[in-house]
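A.B. asks: My questions concern the predicted model and sequence given below.
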Amino acid sequence: MILVTGGCGFIGSAFLLEWLQGADEPVVNLDLLTYAGHPGNLAALAHDTRYNFVHGDIGDAELVGRLLAQYKPRAIVHFAAESHVDRSISGPMAFAQTNVVGTLVLLDAALAHWRTLDPQASAAFRFLHVSTDEVFGSLGPSDPAFTESHRYEPNSPYSASKAASDHFVRAYHHTHGLPTLTTNCSNNYGPRQFPEKLIPLMIHNALQGKPLPVYGDGQQIRDWLHVNDHCAALRAVLQRGQPGESYNIGGRSERANLAVVHAICTSLDALRPLPGGQAHVSLITHVKDRPGHDKRYAIDDSKIARELGWQPAIGFEDGMRQTIEWYLANQAWVDSVTSGTYRNWVAQQYQGLAASA
Ligand code: NAD
Ligand code: DAU
């Protein structure tokens with residue numbers, strides 16, 4: 001049995017679906033079902049007896065302690081977080097609460113649980129903390145990619161909260177010996193990503209003929225990794241990672257935001273032309289830049305490749321084509337997650353960003 005937190009989100013749901021396809025080991029999924037958590041992501045598991053869902057907060061110490069005592073997991077895979085940078089700028093408190101305090105509550109409960117295990121179970125136990133490359137800050141155009149020993153330099157309230165959680169994980173290993181693993185991953189894309197993030201937002205807006213809001217000049221660079229590649233890396237780290245270590249995970253696919261948006265437009269021109277034959281690029285609108293916007297992220301993945309034999313398998317162009325096709329075929333999913341709350345967020349976030357650049 002493993003305990004997964006945040007399994008109703010984008011990456012957690014991909015992880016759970018693949019996990020139960022690949023093994024018979026049961027899972028318990030603890031998820032608060034915030035605006036980003038969608039039980040429908042796991043509809044395929046509704047009648048699967050290996051899947052257990054618990055609606056609750058990782059910051060609820062009593063609940064987490066009870067779940068660990070009840071299920072006695074051999075590992076915790078910790079995805080639950082507030083994950084959107086723009087939301088952390090307008091509302092940072094939820095990020096401190098879940099990403100920092102919630103992670104600390106989980107670590108404390110994991111430590112108490114780990115201490116009850118017999119020597120064999122104790123040696124096998126793992127706490128896998130899923131983190132981000134954003135903790136390392138921003139790179140210049142010709143800087144070398146982030147290695148695991150790059151200094152921590154978080155620039156947004158989101159990355160500051162993830163950096164704090166990474167530090168607590170490190171401290172619980174160093175101080176108490178808890179067998180922790182940390183992963184720092186680049187930008188994920190793929191099916192079921194909530195349309196507040198760049199790629200699904202652009203697909204969603206383009207399909208409705210709405211403006212495609214590019215922050216600033218759109219020359220910021222991200223490294224894109226298909227979510228299934230990320231999940232494969234997490235399974236490798238869980239199986240073969242060294243306790244106390246951290247592993248960088250990347251897609252070997254650095255792209256400027258504007259190039260990504262252009263690629264989406266070109267695909268949609270072929271797959272779903274706009275009425276009247278207007279090209280989708282005509283919807284691109286440069287808006288005010290994100291405050292403190294990181295210029296470039298890039299991952300040096302040589303440690304995980306060398307030590308665990310993992311490398312990304314899905315090329316960006318293939319992955320993007322599959323992702324766009326998934327959104328076209330799953331409009332009902334998009335409708336189900338773009339409720340009133342979503343529309344309120346879009347109105348609040350984008351109305352203030354008058355056209356610029
Ligand atoms: P997401 O926002 O799609 O999902 C987050 C999930 O956590 C949701 O199901 C939500 O309901 C749940 N949750 C939030 N607060 C909770 C709480 N207090 N208790 C229990 N559940 C709670 O996030 P994602 O994009 O799937 O990211 C998952 C993890 O991976 C995060 O820790 C994020 O920092 C990290 N990460 C994400 C990316 C990316 O590109 N999306 C890249 C690197 C790392
Ligand atoms: O690098 C890993 C991180 O990637 C994860 O830790 C975060 O959880 C995840 O949200 C993501 O952060 P980013 O800020 O890079 O992702 P986002 O999709 O929000 O933005 C990607 C880039 O696109 C970024 O440079 C900002 C830009 N952007 C984004 C939006 C939503 C736009 O130009 N317009 C937009 O409307």
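C.D. replies: Looks like it came in fine. Ligands and ions are numbered 1, 2, ... in the order given.
A.B. asks: And the residue of the chain positioned farthest from its centre, how far from ligand 1?
C.D. replies: Centroid-distance maximum for the chain: Gly276 at 37.1 Å, with C-alpha atoms, centre = their mean. For Gly276, the distance to ligand 1 (C-beta to the nearest ligand atom, to the nearest Å) stands at 35 Å. All C-beta atoms are positioned from the backbone trio N, CA, C, and that covers glycine.
A.B. asks: cool, Asp60 as well?
C.D. replies: 8 Å.
A.B. asks: Number of residues surrounding the one residue in the chain that gets nearest to ligand 1?
C.D. replies: In the chain, the residue that lies nearest ligand 1 is Gly9 (2.0 Å; C-beta to the nearest ligand atom). Gly9 has 24 neighbouring residues, counting by other C-beta atoms under 10 Å.
A.B. asks: Check the one 3 residues further on too.
C.D. replies: Counted with other C-beta under 10 Å, the neighbours of Gly12 add up to 26.
A.B. asks: Where does it fall, secondary structure wise?
C.D. replies: helix 10-22 (DSSP states H and E).
A.B. asks: which secondary structure elements does that helix contact?
C.D. replies: Secondary-structure packing of helix 10-22 (3 or more C-beta pairs under 8 Å, 6 or more residues apart in numbering; DSSP states H and E): strand 2-5, strand 27-31, helix 227-240.
A.B. asks: Would you reformat the ones you listed as TSV and include mean pLDDT, distance to Val261 and mean neighbour count?
C.D. replies: Listed next are these as TSV, based on pLDDT from 0 to 100; distance: least, C-beta to C-beta, whole Å; neighbours: other C-beta atoms under 10 Å:
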stretch	mean pLDDT	distance to Val261	mean neighbour count
strand 2-5	98	32	25
strand 27-31	98	31	25
helix 227-240	98	19	20
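A.B. asks: if we compare the ones you listed, which one ends up closest to Val287?
C.D. replies: The closest of the helices and strands packed on helix 10-22 to Val287 is helix 227-240. By C-beta to C-beta, the value is 26.7 Å.
A.B. asks: The chain against ligand 1: which residues are in contact?
C.D. replies: Taking C-beta under 6 Å from any ligand atom as the measure of proximity, the chain contacts ligand 1 at 5-6, 8-12, 30-34, 36-37, 57-59, 79-81, 83, 98, 102, 130, 132, 162, 185, 187-188, 194.
A.B. asks: Quick one: residues contacting the nearest residue to Leu16 once chain neighbours are set aside.
C.D. replies: Among residues not flanking Leu16 along the chain, Gly7 sits closest, at 4.9 Å (C-beta to C-beta, 6 or more residues apart in numbering). Applying C-beta atoms under 8 Å, 6 or more residues apart in numbering, we find Gly7 in contact with Ser13, Phe15, Leu16, Val27, Asn29, Leu30, Asp31, Leu42, Phe53, Phe79.
A.B. asks: counting contacts, what elements does the top helix by length along the chain pack onto?
C.D. replies: Longest helix of the chain, by residue count under DSSP state H: helix 157-176. Counting contacts by 3+ C-beta pairs under 8 Å, 6+ apart, helix 157-176 is packed against helix 85-90, helix 93-95, helix 103-114, strand 126-132, strand 180-185.
A.B. asks: Any chance of TSV for these, columns mean neighbour count?
C.D. replies: Output for the helices and strands packed on helix 157-176, formatted as TSV (neighbours: other C-beta atoms under 10 Å):
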stretch	mean neighbour count
helix 85-90	18
helix 93-95	18
helix 103-114	21
strand 126-132	24
strand 180-185	25
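A.B. asks: I'd like to know which of the ones you listed is closest to Asn344.
C.D. replies: Among the helices and strands packed on helix 157-176, helix 85-90 comes nearest to Asn344, with 12.0 Å by C-beta to C-beta.
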